[in-house]
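**Student:** give me the fold of what follows.
(2 chains)
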Amino acid sequence: MDKGFSEIWVYLSASPLLALTLTLAAYQLGNWVYQKGGKNPLLNPVLIAVVVLVATLLVTGTDYATYFEGAQFVHFLLGPATVALALPLYRQIERVRKSALAISVSLLAGSLTATATAVSIAWGFGSSQEILISLAPKSVTAPVAMGIAEQLGGLPSLTAVLVILTGIIGAALGPLLLNVMGVKDMAARGLAIGTASHGIGTARAFQVSEVAGAFAGLAMGLNALATAILLPLMWKWVF
Amino acid sequence: MIFYLTLIFACQLVGELLKVALELPVPGPVIGMVLLFAGLMIKRGIPEDLAEVGYTFLSNLSLLFVPAGVGVMLHIALIGEQALAITLALVGSTLATIAVTALVMRAMSRAEDADTGRSTDG
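**Tutor:** Okay, here's the model as predicted:
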């Protein structure tokens, strides 16, 4: 790298603008690929953006903390966006009220499946206790999952990564699985994706239908609550 | 416009305060969502400008997960060591969760429909 270029790079790296612009550009690219690819769920825009950004940071030798100084402005908006999930939920209130029992039972079944299968598969492959704990709350929205992992003695930062990966897997493969299963009801589709893959699944559900998005957002909130209460109790009982 | 943006932020802020004050196990934004929802129930409707602000957030929800997702680079080594176990656990568990939730929901919705069907048939 010649001196002029590296000086410019050092200058730009010190301001949040570069990381912010790169984040938006990488997401634009991801979205473009997704649209060009006939909206194939495997071409998940978040996945593409993350791969592009990680590669860029590794190649330029930039660490995550430096990147996050700029990207935090995007990250911050997750909070108000979560609050805004009240809107679609309110619009679907009649349907939610009508199937309150079905929603509660399927959510609980999904929540238990998420934890039990993740832990038992990883345990079967000889993962350490630390990884098992970090993996257990992986279907729950990141801030709650990190809190649970910390409480039980896992690695909260690893949990955050596993949560994001789970979200991307659910958003990419979930719609294909539901198609194969012949589940057409948007409420059931949304509930399933929201329970398994929290906000990233919810974001994906919104791109398809408002009903699916509303049920996914509801499932995300309820699963956070259910797992936060049940997982620590179950963990004490099993180990 | 700014009024409703302020309202959304305020819901989150009160949510964060309630979480700390009452030691609730759910994050502030989720409590904020419940607060906004309660407000809509009381008001019995969504003001047009609130819908505009709120749906701007929701239609770009995916983008907001990108910075956290890039955090995967912090644990590339650890994940690489146990790549098979972690990949199978994540993919297997996520698919199982989606299948179980959707199947239970479908079965129970059908049962409920059948029930209401019977009751209206007399």
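**Student:** what about residue A:42, how many residues close to it?
**Tutor:** Residue A:42 has 12 neighbours, counted by other CB atoms under 10 Å in any protein chain shown. C-beta coordinates here come from the backbone N, C-alpha and C atoms, glycine included.
**Student:** what about the helices in chain B?
**Tutor:** Assigned by DSSP state H, the helices in chain B fall at B:2-22, B:28-43, B:48-59, B:66-70, B:76-81, B:83-121.
**Student:** need the winner for burial among those.
**Tutor:** Highest mean neighbour count among the helices of chain B (mean count of other CB atoms under 10 Å in any protein chain shown): helix B:66-70, with a mean of 25.
**Student:** make JSON lines out of the helices of chain B and add mean pLDDT and distance to residue A:14.
**Tutor:** Shown next, in JSON lines, are the helices of chain B (pLDDT from 0 to 100; distance: least, CB to CB, whole Å):
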{"stretch": "helix B:2-22", "mean pLDDT": "95", "distance to residue A:14": "28"}
{"stretch": "helix B:28-43", "mean pLDDT": "92", "distance to residue A:14": "30"}
{"stretch": "helix B:48-59", "mean pLDDT": "92", "distance to residue A:14": "29"}
{"stretch": "helix B:66-70", "mean pLDDT": "90", "distance to residue A:14": "18"}
{"stretch": "helix B:76-81", "mean pLDDT": "86", "distance to residue A:14": "25"}
{"stretch": "helix B:83-121", "mean pLDDT": "85", "distance to residue A:14": "35"}
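**Student:** distance to chain A for those helices - can I get that in CSV?
**Tutor:** Formatted as CSV, the helices of chain B follow (distance: least, CB to the nearest CB, whole Å):
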stretch, distance to chain A
helix B:2-22, 5
helix B:28-43, 4
helix B:48-59, 4
helix B:66-70, 4
helix B:76-81, 7
helix B:83-121, 3
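**Student:** got the ones you listed as JSON lines, with distance to residue A:223 columns?
**Tutor:** Compiled in JSON lines, those are given as follows (distance: least, CB to CB, whole Å):
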{"stretch": "helix B:2-22", "distance to residue A:223": "17"}
{"stretch": "helix B:28-43", "distance to residue A:223": "11"}
{"stretch": "helix B:48-59", "distance to residue A:223": "19"}
{"stretch": "helix B:66-70", "distance to residue A:223": "18"}
{"stretch": "helix B:76-81", "distance to residue A:223": "24"}
{"stretch": "helix B:83-121", "distance to residue A:223": "9"}
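**Student:** out of the ones you listed, nearest to residue A:228?
**Tutor:** Closest to residue A:228 of those is helix B:28-43 (CB to CB; 10.0 Å).
**Student:** and the angle for the closest one with helix B:2-22?
**Tutor:** 120 degrees (axes from the mean of the first three to the mean of the last three CA atoms, to 10 degrees).
**Student:** domain-wise, how is chain A divided?
**Tutor:** A:3-76, A:83-238 (automatic domain parsing).
**Student:** next: chain B.
**Tutor:** According to automatic domain parsing, the domains of chain B span B:1-59, B:69-122.
**Student:** can you redo those as a markdown table with distance to residue A:157?
**Tutor:** Compiled in a markdown table, the domains of chain B are given as follows (distance: least, CB to CB, whole Å):
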| stretch | distance to residue A:157 |
| --- | --- |
| domain B:1-59 | 17 |
| domain B:69-122 | 6 |
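**Student:** so which of those is nearest residue A:4?
**Tutor:** Residue A:4 sits nearest to domain B:69-122 of all the domains of chain B, at 28.1 Å, using CB to CB.
**Student:** how distant is the closest one from the center of its chain?
**Tutor:** Per CA atoms, centre = their mean, to the nearest Å, the displacement of domain B:69-122 from the mean C-alpha position of its chain is 14 Å.
**Student:** returning to what we had before: can you add mean pLDDT and give the domains of chain A back as CSV?
**Tutor:** As requested, the domains of chain A are exported to CSV (pLDDT from 0 to 100):
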stretch, mean pLDDT
domain A:3-76, 89
domain A:83-238, 91
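**Student:** winner for burial among the ones you listed?
**Tutor:** Of all the domains of chain A, domain A:83-238 has the most neighbours on average by mean count of other CB under 10 Å, namely a mean of 23.
**Student:** ok, which stretches of chain A are helices?
**Tutor:** In chain A, helices defined by DSSP H lie at A:3-13, A:16-36, A:45-60, A:64-76, A:78-84, A:86-91, A:93-98, A:100-124, A:129-135, A:142-152, A:156-181, A:186-208, A:210-238, listed in chain order.
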